[in-house]
Structures are given as C-alpha cells and as structure tokens.
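In: I would like the atomic coordinates for the input below:
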Amino acid sequence: MALVAPDGADIITSMTFPPLETDHRYVLADGAYAVSNDPTPGKTNATNVVTFSIKGQAFTDKIVVEMSSPAGGSIRYTTDGKRPSLFNGTNYSGPITLTKTVLLTASATGGPFTTEAFIQIALSWKIAPLTFLSSSQSQIGD
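Out: Prediction:
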C-alpha cells in the first residue's frame, strides 16, 4: 500500500503487508493493524460509520447537529475530541444544540470514529464614543 503524490508517480510513503491466510483480512483497531478471521468479500465495509447532518464549521450563536448511521446501531459521542467508549461519552438520542466550540467525535457500535470541529466565533462591535459640541449663537458670530 502506498501514499502517492498528486503527480501519480512519486511515492511519498508506503507500507508492506505480509500475505494473509484464506478467509482473513487486515483491520485497523485502536491505531494498529491486526488480522481478523471474519472476511467480508463482496460486502460494503464500515456501514456503521457515523454521519453528521452538517460539516464542521464556524457559527456565532448556536448550531444544531444531528447524527445517523446507515447500520442503525447506537451512537456514542464526546464534545472534547476524545474517543467515545462504553465508559466515556454520551449516548446519542436526538439533535444536539451546540453553544460553544467543540470537537464532536462519534462512533456507532463497533465502527470507526468520525470527528468534526464546530467553532463558535464571537462578533463584537465597537462603538466609538460620540462627542456632542454645543455652542451658543452669540459665540458663532463673535
């Protein structure tokens, strides 16, 4: 496997995997590659991916985010960018209203992690102090 530059010729980095036994596959688990004996030939991989209703973006007041998973499994999420797990995170039960900057990370049962950044920006308006000058009629002509 290789990561190739946009020119299609220069290899940036590559990795070699040893041959597998019949009915085995490579999986990525907790940041490391492992061998699994439950192959999925002809099937779509990772149907338990979490999809956000909107992409990460900046917002000013609040923003509502919904999550779904084609596999229909339960979804757990965190708002601090840490990976959700059985002991960390919140069970998703409906739309989430965000009112501050968060790194929303979610995972459906047994699936990969999906992360989006939602950044609250504060709009501040500075009003220049107004100075009113008054003069009497007698000073204008004098």
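In: where do the helices sit along the chain?
Out: Using DSSP state H, the helices of the chain run over 137-141.
In: so where's it uncertain?
Out: For the chain, the stretches with pLDDT under 70 are 1-3, 15, 17-18, 20-47, 110, 123-142.
In: let's see it at 80
Out: Residue ranges of the chain with pLDDT under 80: 1-6, 8, 11-48, 70-73, 109-112, 122-142.
In: Let me see the ranges of the strands in it.
Out: According to DSSP state E, the chain carries its strands in the segments 2-4, 11-14, 25-29, 32-36, 51-52, 58-59, 63-65, 67-68, 75-78, 90-91, 96-98, 102-108, 113-120.
In: Just put the ones you listed in CSV and tack on distance to residue 84 and mean neighbour count.
Out: Just so you know, the C-beta spots here come from the backbone N, C-alpha and C atoms, and that holds for glycine as well. Formatted as CSV, the strands of the chain follow (distance: least, C-beta to C-beta, whole Å; neighbours: other C-beta atoms under 10 Å):
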stretch, distance to residue 84, mean neighbour count
strand 2-4, 28, 10
strand 11-14, 29, 9
strand 25-29, 15, 11
strand 32-36, 19, 10
strand 51-52, 14, 16
strand 58-59, 22, 14
strand 63-65, 15, 16
strand 67-68, 11, 18
strand 75-78, 4, 22
strand 90-91, 8, 11
strand 96-98, 13, 15
strand 102-108, 5, 22
strand 113-120, 8, 16
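In: could you measure residue 112 against residue 91, distance?
Out: Going from residue 112 to residue 91 by C-beta to C-beta, to the nearest Å gives 18 Å.
In: cool, residue 50 as well?
Out: Separation of residue 50 from residue 91 (C-beta to C-beta) stands at 13 Å.
In: what touches both of those two?
Out: When contacts are counted by C-beta atoms under 8 Å, 6 or more residues apart in numbering, residue 50 and residue 91 are jointly contacted by residue 75.
In: wait, what's in contact with the closest residue to residue 57 other than its chain neighbours?
Out: Computed as C-beta to C-beta, 6 or more residues apart in numbering, the closest residue to residue 57 that is not its neighbour in sequence is residue 118, at 6.5 Å. Applying C-beta under 8 Å, 6+ apart to residue 118 gives the contacts 56, 57, 58, 59, 63, 65, 98, 101, 102, 104.
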